[in-house]
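sequence? don't have it. structure:
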C-alpha cells in the first residue's frame, strides 16, 4: 500500500510517523488491529512556512466526537509527550500548571469527568474552591477580585513545536526506503488517487482549496497567555 500524506506541519508529520510505527508493528506481528502492509509513505508539502507557536495540551478535548475516542486520543498524545517517555518528541515537552476557569455556574468545568478520564495521568488535580485558592496564591490575586466561580487546576503539557517537528523529521529520515518528503503543490486530493492507495489530508487551513469547499474554516483556536 502506498500512502500520501498531504501537509508537512505538526499534523502531517505526526500522521506519517504514526503510520510508519504501525506498519513496523504489523511487520513484527505486534499490531492490535488489521496489519497495515505499507510499502511507502510520501509526505507532500508546499512550504515549511512559519513554525507555529508552542502548543498546549489541555482538557477536555473540545468539539471532538465521539467522546470516548477523543479522550483516548488525548491520553495517547499525553503518553507520547510526557517525560520521561522515550517516544519521539519527549524532549520537546514540559509540564505547566494550568487552570481551567468558568465565570458561570461551572457547567463548563466538569471536574468529576476530568478526574475520571485524566486523573491518573494529571496527578495533583485540584477543583472548586481549592483550585481557585491555588490560582490566587500563584498569581497574587485577592480572592474577592476575581470573577471566577468554578475551576480545575492541573499540570498540562507545553510542547516546543519547532523542536517537536525537528525530532519527527529526524526519525522519518532514518527510513529513506519507506518515507519520502516531497515539496510539491497539490491542487486537488482526487488527482492523487491515481498514484496512491490512501491519501491522508493534513493540509490544515489549505484543506478548503483541496476539497474544494471554501466554506471550510477553523473550528476553534486559542491564544494562551503564559504568566
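It's in. Keep in mind the model is a prediction, meaning the values are calculated, not measured. Residues are numbered from 1 along each chain as shown.

Confidence-wise, which helix or strand of this protein is lowest on average?
Least confident helix or strand, the chain: helix 207-210 with a mean of 78, by mean pLDDT, DSSP states H and E.

Counting by contacts, list what it packs against.
On a contact count with 3 or more Cβ pairs under 8 Å, 6 or more residues apart in numbering; DSSP states H and E, helix 207-210 meets no helix or strand. No exception for glycine: its C-beta is placed from N, CA and C like everyone else's.

so where's this structure shaky on pLDDT?
30-36, 47-51, 60-62, 83-90, 105-109, 143, 218-227 (pLDDT under 70).

all helices of it, in order?
Remark: helices assigned in the chain by DSSP state H are 10-27, 67-81, 111-122, 128-139, 161-173, 207-210.

quick revisit: residues contacting the least confident helix or strand of the chain, please?
6, 186, 187, 188, 189, 201, 203, 213, 214, 215, 216, 217 (Cβ atoms under 8 Å, 6 or more residues apart in numbering).

Which one (most neighbours) among those?
With neighbours taken as other Cβ atoms under 10 Å, the top of those is residue 6, carrying 25 neighbours.

That one against residue 203, yeah?
Yes: using Cβ atoms under 8 Å, residue 6 is in contact with residue 203, at 5.0 Å.

Quickly list what's touching both of these two.
Common neighbours of residue 6 and residue 203 (Cβ under 8 Å, 6+ apart) are 12, 186, 210.

how deep is the first one tucked in, by neighbour count?
Put plainly, it is residue 12. 22.

Could I get the contacting residues of it?
5, 6, 43, 45, 200, 202, 203.

again, only using 6 Å
Neighbour list for residue 12: 5, 202 [criterion: Cβ atoms under 6 Å, 6 or more residues apart in numbering].

And it, how far from residue 142?
From residue 12 over to residue 142 the distance is 46 Å, taken as Cβ to Cβ, to the nearest Å.

Quick check: residue 17 touching residue 168?
Yes: here residue 17 reaches residue 168: they are 5.3 Å apart, a contact under Cβ atoms under 6 Å.

Comparing the two, which residue is more hemmed in?
Each of residue 17 and residue 168 has its neighbours counted (other Cβ under 10 Å); residue 17 has more, 23 against 20.

Quick check: chain neighbours aside, which residue is closest to the most centrally placed residue in the chain?
Central residue of the chain (Cα atoms, centre = their mean): residue 77, 6.4 Å from the mean position. Residue nearest to residue 77 in three dimensions, not counting chain neighbours: residue 57, with 6.5 Å by Cβ to Cβ, 6 or more residues apart in numbering.
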